[in-house]
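Trainee: quick one, structure for this:
(chains A and B)
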Amino acid sequence: MASVDIQDVRKFYGQLETIKGVSVDVPDGAFVVLVGPSGCGKSTLLRMIAGLEDISGGTISIGGRVINDVEPKHRDIAMVFQNYALYPHMTIAENMGFSLRLAKRPKDEIDQRVREAAGILGLADYLDRYPRQLSGGQRQRVAMGRAIVRNPQVFLFDEPLSNLDAKLRVQMRAELKDIHARLKTTTVYVTHDQIEAMTMADRIVVMRDGIVEQVGAPLDLYDRPNNTFVASFIGSPSMNLLQGVNADGGKSVRIEAGAELPFEGAPPTVGKVVYGIRPEHLHLADDGQGFETVATNVEPTGSETLVQVRLGDQIVSALLRDRVNIRAGDTLRLGVQADKAHLFDAETSQRLG
Amino acid sequence: MLQQKRWRFAILAILPTLAIFAWVRMYPIVETLRLSLHQWNILSKNKPFVGLANFRELFHDQLFLNALTNTSIIAFGVVILTVPTAMVIAGLIHHRTHSRFSGFYETSVFIPHVVSLVPAAMAWKWIFDAKLGPLNALLEFFGIPAQAWLFDPVLSVICIIILCSWQALGYAVLIYLVGFKNLPVSLFEAAKLDGASGVQRFWFVSVPMLKPITLYVSVVTLISAFNVYAQAFVLASDSQGAPGRQVRVLVLDMLENSFRNYRVGYAASEAVVLLSIVLVLTLIQFGLLREKGRK
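Mentor: Numbering: from 1, shown residues only, chains lettered A, B, ... in the order given. Take a look at the predicted model:
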C-alpha cells in the first residue's frame, strides 16, 4: 500500500490543455473517487497515474516516489478497465496469472496466487473457462482478480461498473467495497455516476473541465457544496437552484415568481443570489405557510414521490417521502426546511457562508 | 402480393449479374469438368468420351507430378515466408502510426502487388542474375561465393518463392493492418500494465487475436500461389533458354498440353486437379473459421 500524491498536474494535447493544474492527495489505504461529467478529465488523470498517458506538467508520486518517467509496469499499480480488457484467447486462470507469468514467477506460485484471488472473488469454479463463457458480472470479477493477483500498491478503476445492468451494479458496488475493506489497498476510482461515488468513496474529488471543483467526504460534499456545479452534481435528484434576490439582507430570498424562501446559516447578502434547496428538503405545507404552486409532473416510485412544480419560469422538484395523492395539474403548497437551504453568489456561483 | 412483387423485382435486379457470373465463371468450370472426361485436340469436331482415362494417365505422367510437386513447394513456401513477414511489417507500421513516414511505408509495401507481373519478374531476374546481378555482387563483397540462383534446381525454386512473396506481401500487409486497427487498444494497455514488452504484446496479444486474419491471409496467399505461372516462366529458363522449364509449374504444364500438344481434355483434367486442391483448401478455411465462430 502507498499514498498517491498528485501535484499541479497538467495535460496538453497540442495546444489544448485538458488537465489544468490538478492537485489531489490520496492517503494510504484510502478509497478515492474521481467524479465528474464526460470530458472533465477524470479518466485522463487516472491514465496519467497508470502511465498510459504522458504527464505534461506537475508530478505524480506513489509512496513518495515520483513516477512521472517510470514505465507503467514498474509503477506497482493495477488497473481495471471499463470494458474489462480480458484476453479473450486465454482462460480465466491464464488471464489472472498473465502478469506473474511475464514476471517469470514459478508456476506453483502463480497457481497459488490465482487460486487465492479466485477464492476471494468466488471465481474458483470458473478458472478453466474463457471470458466469453462468463456473464458481465463474472468478467468484472476476473478483471478485479487480475489486479488482486499482482498485489499492487494502488488499484486504479476506470468506470468498471458502467457496462453492467442496474441491479448488478448495486451488487458489484457492495462487493468492491467489501474487497477494499479486506485488502485495504489504496484505490483511485473513476466514475461519472455520483451515486457510485457517494456510496463507495472515503473521499470524493469532483472535477469539471480539467480542474478540481471540490474534494471532500461524500456527506461533506452533499451538505456543503462549494459551488452550484458541485451542488447540482452531487445528490439525486439534483438540487434545485433558483435565481432570486435578497433585497434587504434579511433571512429570505425572493424568487422571480414572487415566492419568498427562507434560509438560515448563511450571512445576509444583499443583491442577486442563487437559492439552493434539495428536493428532499421540500415538504407539503399547511395553509398560510410555504408557497402555492401547481404540479406539472408527478413520478411516484412507491417509497417516495417526485413532484415537479413551476415557480415562474423555473422548475422545482420536491421529493415527498409520504404517500401523497397528487396528480399533474393539482394545486399544492410546498414549504422548505430553512436550515437545509444553501446560498450561492449569482455571479461567481460560489457558496455564501 | 407485395411480397411476391418484391421477390420478382429482386430476381430481375440480380439476373444480369447472375447471367454474367454464370457465363464467365460457372460455364468455364463446368466446361472444364466436361472436357476432362473427353479427348479433344482443339480442332476436331469429335470429342470422344474417355471417362477417367485422363486422370489415370496424369498420375503416371512424370512432367505433371514434377509440376505438382514444384507448385506445392512454391505455394507453401510463399505462405511460410509471406504470412509471418506480413504480420510483423503490419505490426511495425501500425504501432508506428505517429511516424510521418507511415503512409510511405504502407504505399511502398503495397506497390509490388499492383506492379505488372512480367516487368517485376524481369527486374528480379536481373537481381538474381549469376554474372550481372547485384545479389551476387553483394555476396562477393562480403566474401561469399556467387551462386547460380536461376540455374540451380533448389535455388531457382527459392527465387520463385521470394518473387511470389514479394508480390503477395502488399495485400497481406494491408489485410493485417485492418486486423491490427480493429484490435481493442485496451487489451494492449492491459498487457502493458501487466508488464509485457512490445515484443511480448505482439506475441501474446496480437498473434492470437489475429488468428482469423491469419487464416484468411494464408488461404488466399496459398490459392494465388498455386496459380503461379508468369514468375516461373520469366525467372526459370533452362540452360537452353527455354522459359519456365527449369521449374515446371502446373499452369505451364496445362498450357503446354493444351496449345503445344493439343491435348485439351488432358489439360482440363490437370485443371480439375488444381481446382480440387484449391477447393479443399477453401473448405478447410471455412471449416476453421466456422469452428472459431461457434466457440
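
Trainee: write out the residues of chain A neighbouring chain B.
Mentor: Chain A has residues A:50-52, A:72-73, A:77-79, A:81-83, A:85-89, A:98-99, A:102-103, A:130, A:132, A:146, A:150 near chain B, with proximity defined as C-beta under 8 Å from any C-beta of the partner chain. (Each C-beta comes from the backbone N, C-alpha and C, glycine too.)

Trainee: only whichever of the residues you listed are buried, select them in PyMOL.
Mentor: The PyMOL command for the buried members of the residues of chain A next to chain B (criterion: 16 or more other C-beta atoms under 10 Å in any protein chain shown) is given here:
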select buried, chain A and resi 50+51+52+72+73+77+78+79+81+82+83+85+86+87+89+98+99+102+130+146+150
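
Trainee: what number of residues lie near the closest residue to residue A:41 other than its chain neighbours?
Mentor: In space, and not counting its chain neighbours, residue A:41 is closest to residue A:210: 4.3 Å by C-beta to C-beta, 6 or more residues apart in numbering or on different chains. Here the count is done by other C-beta atoms under 10 Å in any protein chain shown, and residue A:210 has 22 residues near it.

Trainee: buried residues, stretch A:259-279. List them.
Mentor: A:259, A:261-263, A:266, A:269, A:273-279.

Trainee: mind giving me the packing neighbours of the helix or strand encompassing residue A:343?
Mentor: Using DSSP states H and E, residue A:343 falls within strand A:342-345. Counting contacts by 3 or more C-beta pairs under 8 Å, 6 or more residues apart in numbering or on different chains; DSSP states H and E, strand A:342-345 packs against helix A:228-233, strand A:271-277.

Trainee: okay, now the sheet partners of the last one, with direction.
Mentor: If you go by DSSP bridges, strand A:271-277 pairs up with strand A:240-246 (antiparallel), strand A:342-345 (antiparallel).

Trainee: for residue B:111, find the nearest of those.
Mentor: strand A:240-246 (63.1 Å; C-beta to C-beta).

Trainee: how much space separates the nearest residue to residue A:29 once chain neighbours are set aside from residue A:203?
Mentor: Residue nearest to residue A:29 in three dimensions, not counting chain neighbours: residue A:184, with 4.7 Å by C-beta to C-beta, 6+ apart. Counting by C-beta to C-beta, to the nearest Å, the gap from residue A:184 to residue A:203 is 15 Å.

Trainee: who's more crowded, those two?
Mentor: residue A:203 (19 against 13).

Trainee: who are the contact partners of that one?
Mentor: Residue A:203 makes contact with A:26, A:30-33, A:215-217, according to C-beta atoms under 8 Å, 6 or more residues apart in numbering or on different chains.

Trainee: next one: residue A:66
Mentor: Going by C-beta under 8 Å, 6+ apart, the list of residues near residue A:66 reads A:59-60.

Trainee: one more time with 6 Å
Mentor: residue A:59 (C-beta atoms under 6 Å, 6 or more residues apart in numbering or on different chains).

Trainee: gap between it and chain B?
Mentor: 19 Å (C-beta to the nearest C-beta, to the nearest Å).

Trainee: what does residue A:243 give?
Mentor: Counting by C-beta to the nearest C-beta - residue A:243 and chain B are separated by 44 Å.

Trainee: give me the number of residues near that residue?
Mentor: Neighbours around residue A:243, by other C-beta under 10 Å: 16.

Trainee: bridged to it, which residues?
Mentor: residue A:274.

Trainee: give the other helices and strands that the host helix or strand of residue B:137 contacts.
Mentor: Residue B:137 belongs to helix B:134-141 when assigned by DSSP H and E. Counting contacts by 3 or more C-beta pairs under 6 Å, 6 or more residues apart in numbering or on different chains; DSSP states H and E, helix B:134-141 packs against helix B:117-128.

Trainee: what angle sits between the helix it packs on and helix B:134-141?
Mentor: Angle, helix B:117-128 to helix B:134-141, by axes from the mean of the first three to the mean of the last three C-alpha atoms, to 10 degrees: 20 degrees.

Trainee: all strands for chain B, in order.
Mentor: For chain B, strands defined by DSSP state E do not occur.

Trainee: pull the number of nearby residues for residue 8.
Mentor: Since no chain was named, I'll use chain A. As a measure of burial, residue A:8 has 12 neighbours, counting by other C-beta under 10 Å.

Trainee: the intended chain is chain B.
Mentor: With other C-beta under 10 Å as criterion, residue B:8 counts 10.

Trainee: pLDDT score assigned to it?
Mentor: For residue B:8, the model assigns a pLDDT of 92.

Trainee: next: residue A:126.
Mentor: So residue A:126 comes in at 93 (pLDDT).

Trainee: what sits against residue A:4?
Mentor: Residue A:4 neighbours (C-beta under 6 Å, 6+ apart): A:26, A:62, A:154.

Trainee: before we move on, the earlier item: among the helices and strands packed on strand A:342-345, which comes closest to residue B:137?
Mentor: helix A:228-233 (73.0 Å).

Trainee: from chain B, how far out is residue A:275?
Mentor: 45 Å.

Trainee: test my guess that that residue contacts residue A:240.
Mentor: No. Contact criterion C-beta atoms under 6 Å: residue A:275 and residue A:240 do not qualify, at 8.1 Å.

Trainee: got any residues that touch both of the two?
Mentor: Common neighbours of residue A:275 and residue A:240 (C-beta under 6 Å, 6+ apart) do not exist.

Trainee: for the residue of the stretch 101-250 of chain A found nearest chain B, which non-adjacent residue is closest in space?
Mentor: Nearest residue of the stretch 101-250 of chain A to chain B: residue A:102, at 4.5 Å (C-beta to the nearest C-beta). Closest residue in space to residue A:102, ignoring its immediate chain neighbours: residue B:195 at 4.5 Å, by C-beta to C-beta, 6+ apart.

Trainee: measure the one you found to residue A:269 for me?
Mentor: Residue B:195 is 57 Å from residue A:269, by C-beta to C-beta.

Trainee: ok, residue A:175 next?
Mentor: 46 Å.

Trainee: next: residue B:19.
Mentor: 85 Å.

Trainee: next: residue A:162.
Mentor: From residue A:162 to residue A:269 the distance is 40 Å (C-beta to C-beta).
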